[in-house]
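> from the sequence below, what's the structure:
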Amino acid sequence: MIELAELQSRVARGLPGLLGIRITQMSDGELHAELPLRADLMAVNGYLHAGTVVSLADTAAGFGCVAHLPAGAESFTTIELKTNHIATAREGTVLCVARLVHGGRMTQVWDATVTHAESGKVIAHYRATQMILYPRG
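Okay, here's the model as predicted:
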């Protein structure tokens, strides 16, 4: 399994890094991430943008997948995702816990729950199916 420090280094690159997402914890079948909220992560109505929530959950599930790739696999790609938005937030920090539901050789399924750290309220439930990629040869 890949080390937490390596995942933290990778998340700093690309969209997750631009958003400010941080991976905080990893264990067998689980990954935790967080995102401090700021004005540019909000929708025009002043509430947390749905895309921000999905990006946090997708990052947690995706890096969870990277950390749990089967032997011989080199990467993955998301082939399906769904999010149910339950609540919102305007300030504070949002947390995400992603859990491996199915860890097969060709696909993985990850569920994630996004919560508001300060209130404990669930903001969203997310599910993604990841296709495992192997080197061509």
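> hey, let's count contacts and neighbours off CA atoms from now on
Noted.
> quick one: contacts of the helix or strand that Leu7 is a member of?
Assigned by DSSP states H and E, Leu7 belongs to helix 4-11. With contacts defined as C-alpha atoms under 8 Å, 6 or more residues apart in numbering, helix 4-11 is touched by 17, 21-23, 25-26, 63, 67.
> please, where are all the helices along the protein?
4-11, 14-19, 50-67 (DSSP state H).
> and the ones you listed, which one is worst for confidence?
Here the lowest mean pLDDT among these goes to helix 4-11, at a mean of 89.
> how about a markdown table for the helices of the chain, with mean neighbour count and distance to Tyr126 added?
Formatted as a markdown table, those follow (neighbours: other C-alpha atoms under 10 Å; distance: least, C-alpha to C-alpha, whole Å):
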| stretch | mean neighbour count | distance to Tyr126 |
| --- | --- | --- |
| helix 4-11 | 15 | 19 |
| helix 14-19 | 14 | 17 |
| helix 50-67 | 24 | 7 |
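> nearest approach to Thr77 belongs to which of those?
helix 50-67 (8.2 Å; C-alpha to C-alpha).
> elements contacting that closest one?
In terms of contacts (3 or more C-alpha pairs under 8 Å, 6 or more residues apart in numbering; DSSP states H and E), helix 50-67 is packed against helix 14-19, strand 30-36, strand 75-85, strand 93-103, strand 107-116, strand 122-133.
> identify the residues contacting the third one?
Okay, so that is strand 75-85. By C-alpha under 8 Å, 6+ apart, strand 75-85 touches 50, 54, 62, 65-66, 69, 123-134.
> next one: the shortest one
Contacts made with helix 14-19 from outside it, assessed by C-alpha under 8 Å, 6+ apart, are listed as 11-12, 22, 35, 41, 55-56, 59.
> the fourth one now?
Surrounding strand 93-103, the residues in contact under the criterion C-alpha under 8 Å, 6+ apart are 29-37, 56-57, 60-61, 64-65, 68, 108-118.
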